[in-house]
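[1] how does the following fold in three dimensions:
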Amino acid sequence: MLEKIKGEQTDQLFRAMLELKDLEECYAFFDDLCTIGEVQSLSQRLDVAVKLKKKYTYDKIQNKTGASTATISRIRRCVDYGSGGYNLILDRLNEKQNDSADKN
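    Here you go, the predicted model:
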């Protein structure tokens, strides 16, 4: 399934992303790389995935994120049956949040 996006240019992009060290570097890189709309779209998709994992209803997700039901459904399929990328990152973000809460 991942073959549909694999390629030299994609490898280069992902290697570049892995070199980013903090949020400020991410903001600078994505400001140069993407339009505001593209960044907002990616951000919205991740937020939808977060809310799906938290068992929000489609209506609640739509109201909070502005995502269409078609977008929510597509992300639901990816979360449930995709390559595992959403679940991987959401689990890691959740672990970091829990670690941070434990330290306080």
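[2] report the contact partners of residue 75.
    45, 48, 49, 52, 67, 86 (Cβ atoms under 8 Å, 6 or more residues apart in numbering). To be clear about C-beta, it is placed using only N, CA and C from the backbone, and glycine gets the same treatment.
[3] and what of residue 24?
    With Cβ under 8 Å, 6+ apart, residue 24 has no contacts at all.
[4] do the same with the one 5 residues further on
    Contacts for residue 29 (Cβ under 8 Å, 6+ apart) come out as 16, 17, 20.
[5] how much space between the last one and residue 67?
    Using Cβ to Cβ, to the nearest Å, one gets 26 Å for the distance from residue 20 to residue 67.
[6] equivalent analysis for the first one, please.
    Between residue 16 and residue 67 the distance is 27 Å, computed by Cβ to Cβ.
[7] how about residue 30?
    Distance, residue 30 to residue 67, by Cβ to Cβ: 20 Å.
[8] let's see if you can find the most crowded of the contacts of residue 29.
    Counting neighbours by other Cβ atoms under 10 Å, the top entry in the contacts of residue 29 is residue 20, with 14 neighbours.
[9] name the SS class of it, please.
    Using DSSP: H, G, I helix; E, B strand; the rest coil, the structure places residue 20 in coil.
[10] and for it, nearest residue in space, chain neighbours not counted?
    Closest residue to residue 20 apart from its sequence neighbours, by Cβ to Cβ, 6 or more residues apart in numbering: residue 26 at 5.1 Å.
[11] picking that back up, neighbour count: residue 30 and residue 67, which is higher?
    Shown here are residue 30 and residue 67; by other Cβ under 10 Å, residue 67 has more neighbours (21 against 17).
[12] contacting residues for the more buried one?
    44, 45, 48, 61, 75 are the contacts of residue 67 under Cβ under 8 Å, 6+ apart.
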